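K.L.:
can't give you the sequence, but here's the structure:
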């Protein structure tokens, strides 16, 4: 891709529309991960443009990304975005994981154009159409057979948080119970019901008691900062024992819940992958207790972790799966897929004016077929391994890289202060001041990354799944230079 504008410090690579012609191999079989010397850097400077100034004046104080990524974007293709000043950036945020195939992928554009050319209805509420039927068949075809055989689907308002709201209604209606167990560090959206499930206290504090009813929080298997001070297999064992005891102890003080909701990889919470044995134990415990298991795959679904769905790594079958982001092929769409034993709610129990987004369904079908036809999940797994290898090499020279974790192309680096007091497991504290400096240094070099985790101390990598090995190497080189600059400034 070439935008044909002023000189940019990022060396643009040839953009492939997808991963055709690229054999799916491991990073070891592929050319070795290596960083080539880059030319002398030309750093971007960020002065407020008229567009950004107007945004600051006119948009809500609740706006978030522009405060950390002060860009006014003009166009985009594949892995790259261009701002109004003609600067090009590598996008490793990708709509918070929405853009599985990157910006404006040909199969997505073709699907959208075909909907318009065929004069298909764009707004249908929950009436069916051939496009909607195709979408459902494509989605069910991706599910594990045991889930697909008894699956039902609810189309929601076009956001992940509305799908979470629908899932809460679903399980509470079916079980007649109201309590839901969520996990520390969890993120499930910003509407009131979903917000009540969130681990982070910041967004919840202004609403106070409104969010205090019906949710109990459990420790998540955060191995690097084990909540039991144990880590490893002993930490997992203690975690599962705690949960099982809670559900079976008549003096535990917690009503038997309608459901447990979990992210297989906590995204906003700091890219924390749940141990696979823990996930299997969680499924066993919930099944034995008659408690529905809701898996939130809003960010982790559709190939991002190296499997079509992140829960497949553990070989479990959830009762409910919440899906959004990549499912709409870059357009707004959200659904809940669930096992038919839960389908007891009444007609109209959940609705939404824009749940019939035909253009998003057409684009989503195109993305799902592409993911399968080109084995993109395996490619994401291989590219994730390659990026992780780069980061572990950097870790040898930078003690500030505390923990490198994730699955597939959902990776995070927890930054630590090596001079700080270690915790019970011997790990230094989070380096909250370094993270925003590192993010800024990456942006100055043409790389868009986001932060997450406790105190915002985790750098997150969520690139489009079609990223190539050469582009992974380039991302790693930029990250290295930015890290050198950020650490030197500390």
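P.N.:
Thanks, I have the structure now. Just so you know, these numbers come straight off a predicted model, no measurement behind them.

K.L.:
phi, psi for the residue nearest the centre of the chain please.
P.N.:
By C-alpha atoms, centre = their mean, the chain has its centre lying nearest to residue 299, at 3.0 Å. Residue 299 has phi and psi values of phi -100, psi -30 when expressed as degrees, to the nearest 10.

K.L.:
OK, contacts around it?
P.N.:
96-97, 263, 265, 267, 325, 410, 462 (C-beta atoms under 8 Å, 6 or more residues apart in numbering). Quick note: C-beta positions are derived from backbone N, CA and C, even for glycine.

K.L.:
just these now: which is nearest residue 120?
P.N.:
Residue 120 has its nearest neighbour among these in residue 325, at 23.3 Å by C-beta to C-beta.

K.L.:
what about the closest one, how many residues nearby?
P.N.:
When counting by other C-beta atoms under 10 Å, one arrives at 25 neighbours for residue 325.

K.L.:
just to check, it is in contact with residue 159?
P.N.:
No: the pair residue 325 and residue 159 fails to qualify as a contact (C-beta atoms under 8 Å) at a distance of 9.6 Å.

K.L.:
of the contacts of residue 299, which belong to helices?
P.N.:
Among the contacts of residue 299, DSSP state H puts 96-97 in helices.

K.L.:
any stretches of this protein with poor pLDDT?
P.N.:
1-40, 209, 212 (pLDDT under 70).

K.L.:
same thing but 50
P.N.:
Applying pLDDT under 50 to the chain flags the ranges 1-29, 35.

K.L.:
quick one: the residue nearest to the centre of the chain from residue 258, how far?
P.N.:
When C-beta to C-beta, to the nearest Å is the yardstick, residue 299 and residue 258 sit 24 Å from each other.

K.L.:
and if you look at residue 148?
P.N.:
Noted for residue 148: a distance of 24 Å to residue 258, by C-beta to C-beta.

K.L.:
ok so, going back, can you put the contacts of residue 299 in CSV and add distance to residue 80?
P.N.:
Shown next, in CSV, are the contacts of residue 299 (distance: C-beta to C-beta, whole Å):
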residue, distance to residue 80
96, 17
97, 17
263, 29
265, 26
267, 23
325, 20
410, 20
462, 15
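
K.L.:
strands along the stretch 351-490 of the chain, start to end?
P.N.:
401-407, 410-415, 447-448, 450-452, 458-461 (DSSP state E, counting those that start in this stretch).

K.L.:
please name every helix or strand in contact with the third one.
P.N.:
Put plainly, it is strand 447-448. Contacts defined by 3 or more C-beta pairs under 8 Å, 6 or more residues apart in numbering; DSSP states H and E place strand 447-448 against strand 88-91, helix 469-489.

K.L.:
so which of the ones you listed is the most packed in?
P.N.:
Mean neighbours per residue, mean count of other C-beta atoms under 10 Å, is largest over those for strand 88-91, with a mean of 24.

K.L.:
picking that back up, would you mind telling me which of residue 148 and residue 258 has more residues around it?
P.N.:
residue 258 (25 against 13).

K.L.:
residues in contact with that one?
P.N.:
Per C-beta under 8 Å, 6+ apart, neighbours of residue 258: 171-172, 174-180, 291-292.

K.L.:
who does residue 321 bridge with?
P.N.:
Beta-bridge partners recorded for residue 321 (DSSP bridges): residue 295, residue 337.

K.L.:
so what's it up against?
P.N.:
Contacts of residue 321 (C-beta under 8 Å, 6+ apart): 143, 147, 294-295, 297, 301, 309, 311, 336-338.

K.L.:
residue 386 reaches residue 469, doesn't it?
P.N.:
Yes: with contacts counted by C-beta under 8 Å, residue 386 reaches residue 469, the gap being 6.1 Å.

K.L.:
distance between stretch 304-317 and the chain's centre?
P.N.:
The chain centroid and the centroid of stretch 304-317 are separated by 13 Å under C-alpha atoms, centre = their mean, to the nearest Å.

K.L.:
swap in stretch 258-272?
P.N.:
Offset of stretch 258-272 from its chain centre (C-alpha atoms, centre = their mean): 10 Å.

K.L.:
stretch 48-67 too?
P.N.:
Averaged C-alpha coordinates place stretch 48-67 at 25 Å from its chain's average position (C-alpha atoms, centre = their mean).

K.L.:
what are the buried residues along that stretch?
P.N.:
With burial defined by 16 or more other C-beta atoms under 10 Å, the residues of stretch 48-67 counted as buried are residue 52.

K.L.:
hmm, who's touching that stretch?
P.N.:
For stretch 48-67, contacts defined as C-beta under 8 Å, 6+ apart pick out 70, 72, 84-85, 450.

K.L.:
coming back round to it: distance check, the residue nearest to the centre of the chain against residue 371.
P.N.:
In terms of C-beta to C-beta, residue 299 sits 16 Å off from residue 371.

K.L.:
contacts only, for the residue nearest to residue 83 when sequence neighbours are not counted.
P.N.:
Closest residue to residue 83 apart from its sequence neighbours, by C-beta to C-beta, 6 or more residues apart in numbering: residue 71 at 4.8 Å. Contacts for residue 71 (C-beta under 8 Å, 6+ apart) come out as 81, 83, 89, 448.

K.L.:
my guess is the third one meets residue 449, correct?
P.N.:
No: assessed by C-beta under 8 Å, residue 89 is found out of contact with residue 449, at 10.3 Å.

K.L.:
for residue 422, phi and psi?
P.N.:
The phi and psi torsions at residue 422 (degrees, to the nearest 10) take the values phi -70, psi 160.

K.L.:
now do the strands in the stretch 151-300 of the chain.
P.N.:
Using DSSP E, counting those that start in this stretch, strands in the stretch 151-300 of the chain cover 151-155, 180-183, 215-218, 259-262, 265-266, 272-273, 292-296.

K.L.:
and the ones you listed as JSON lines, adding distance to residue 425 and mean neighbour count?
P.N.:
Shown next, in JSON lines, are those (distance: least, C-beta to C-beta, whole Å; neighbours: other C-beta atoms under 10 Å):
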{"stretch": "strand 151-155", "distance to residue 425": "41", "mean neighbour count": "19"}
{"stretch": "strand 180-183", "distance to residue 425": "19", "mean neighbour count": "24"}
{"stretch": "strand 215-218", "distance to residue 425": "20", "mean neighbour count": "17"}
{"stretch": "strand 259-262", "distance to residue 425": "23", "mean neighbour count": "26"}
{"stretch": "strand 265-266", "distance to residue 425": "18", "mean neighbour count": "26"}
{"stretch": "strand 272-273", "distance to residue 425": "15", "mean neighbour count": "25"}
{"stretch": "strand 292-296", "distance to residue 425": "27", "mean neighbour count": "28"}
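
K.L.:
so which of those gets nearest residue 197?
P.N.:
For residue 197, the closest of the strands of the stretch 151-300 of the chain is strand 180-183, at 4.2 Å, according to C-beta to C-beta.

K.L.:
now for that closest one, which elements pack on it?
P.N.:
Helices and strands touching strand 180-183, as assessed by 3+ C-beta pairs under 8 Å, 6+ apart, comprise helix 160-175, strand 215-218, strand 259-262.

K.L.:
all set, thanks.
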